[in-house]
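Chemist: Below: sequence and its predicted model.
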Amino acid sequence: MKHQEEAVRRNIEKQRELEDVEREFRQLKRQQDDLLSRIGNAWRGNHSENKLGAIALDLAQEQRMTQKKLYNLDDQLQAEHKQAKADVERAKEAKADATH
């Protein structure tokens, strides 16, 4: 039972870490948007807007890939958490059955 409780505790810690990463990711996204805005304001002209658009597309693609990884990690953590909770419940039921 302690093993299952430890698994639940580790899963909760992983979930908190994921939330921290997501928070940092949102902060980086805001910084990226601010940087692109500043670059856009500094660069004027058709060529610079084309370059800026290409940079924005590259950054957006990288952001989508990172977000997908975060979603996959979140799904994995939630599945582990669900399994660990089920293991704890089974262990509690087995202990209760053994005492009766």
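Modeler: Received the coordinates, thanks. Numbering: from 1, shown residues only.
Chemist: what's whichever strand or helix holds residue 22 packed up against?
Modeler: Taking DSSP states H and E as the definition, residue 22 sits inside helix 2-42. In terms of contacts (3 or more C-beta pairs under 8 Å, 6 or more residues apart in numbering; DSSP states H and E), helix 2-42 is packed against helix 46-99. C-beta coordinates here come from the backbone N, C-alpha and C atoms, glycine included.
Chemist: tell me which strands and helices the helix it packs on is in contact with?
Modeler: By 3+ C-beta pairs under 8 Å, 6+ apart, helix 46-99 packs against helix 2-42.
Chemist: Might you quantify the distance of the helix it packs on from its chain's geometric centre?
Modeler: 6 Å (C-alpha atoms, centre = their mean, to the nearest Å).
Chemist: Report the angle between it and helix 46-99.
Modeler: Here helix 2-42 points in a direction 170 degrees away from that of helix 46-99 (axes from the mean of the first three to the mean of the last three C-alpha atoms, to 10 degrees).
Chemist: Tell me where this structure is predicted with low confidence.
Modeler: 43-49, 100 (pLDDT under 70).
Chemist: for residue 67, what are its contacts?
Modeler: residue 25 (C-beta atoms under 8 Å, 6 or more residues apart in numbering).
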